[in-house]
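K.L.:
Here is the input, now give the coordinates:
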Amino acid sequence: MSREDAVRLILIDYFELHNISLSEFGRKAQVNKATLSKLLNRKYGKIGISGVILGLIANGMGMTLPELEEQIIECQTAFDKGKIQQKTYTDKDKLVARVSEDIKKLDVEELKILHSIVLAVDKKTLKSLDIIVKNMKNME
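P.N.:
Predicted structure coming up:
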C-alpha cells in the first residue's frame with residue numbers, strides 16, 4: 001500500500017468519524033478541495049502528496065505531522081498483514097469525537113471550569129442531564 005493510499009483511508013475514516021465533508025475539512029486544514037478530491041480519487045500522480053500538504057492535513061486533523069506519519073505506517077502495516085477493514089462508528093463514537101474537537105478549542109480557564117464540573121457530577125446530576133437531552137431530542 002502506498003503512503004497516498006494510507007492517507008486516503010485515514011482521511012475517509014476521519015471524515016466518517018467526525019461527520020465532516022471534504023469541503024469543511026479543506027477549509028479547516030487550509031488545503032484546497034481539488035487537492036483533497038484528487039487524493040480521495042487516487043489521482044495524485046507520480047509525485048504523490050507533498051510534505052507541506054501532509055502537514056496541513058495533519059494540522060486539520062488536530063495532530064502533528066509525525067503523528068500522521070505514525071498512523072500512515074500503522075495503516076500500511078495493517079494492510080500488509082491483511083487486517084485492513086472498513087470501520088463502522090456508532091452515534092456515540094461520533095458524538096465523542098465532536099465533543100473532543102470542541103474541548104480542544106477551550107482555553108485553560110474554561111478547561112479548569114469544565115474539569116471542576118466533571119469532578120462534581122454525581123449520578124443524580126447525570127440523570128437530570130439525560131432527561132434534558134431526551135426532551136431536547138423530542139422537540140426536534
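
K.L.:
Please report how far Val121 lies from Leu36.
P.N.:
In this view, Val121 and Leu36 are 40 Å apart by CB to CB, to the nearest Å. Backbone N, C-alpha and C define where each C-beta goes, glycine included.

K.L.:
Give me the more crowded residue out of those two.
P.N.:
Leu36 (22 against 11; other CB atoms under 10 Å).

K.L.:
Phi first, then psi, for that one.
P.N.:
Backbone torsions of Leu36, given as degrees, to the nearest 10, read phi -70, psi -40.

K.L.:
repeat for Lys105
P.N.:
Torsion angles, degrees, to the nearest 10, at Lys105: phi -90, psi -10.

K.L.:
That one: what's it in contact with?
P.N.:
Residues near Lys105 by CB atoms under 8 Å, 6 or more residues apart in numbering: none.

K.L.:
secondary structure element for the most far-flung residue of the chain relative to its centre?
P.N.:
Distance from the centre of the chain peaks at Lys124, with 32.0 Å (CA atoms, centre = their mean). Element membership for Lys124, per DSSP states H and E: helix 123-139.

K.L.:
buried residues in that helix?
P.N.:
By neighbour count with 16 or more other CB atoms under 10 Å, helix 123-139 contains no buried residues.

K.L.:
Stretch 55-75 too?
P.N.:
Leu56, Ile57, Ala58, Asn59, Gly60, Met61, Leu68, Glu69, Gln71, Ile72, Cys75.

K.L.:
just how off-centre is that stretch within its chain?
P.N.:
Chain-centre distance of stretch 55-75: 11 Å, with CA atoms, centre = their mean, to the nearest Å.

K.L.:
Under the pLDDT cut-off, which ranges of the protein? List them.
P.N.:
Within the chain, the stretches with pLDDT under 70 are 44-47, 83-95, 97, 136-140.
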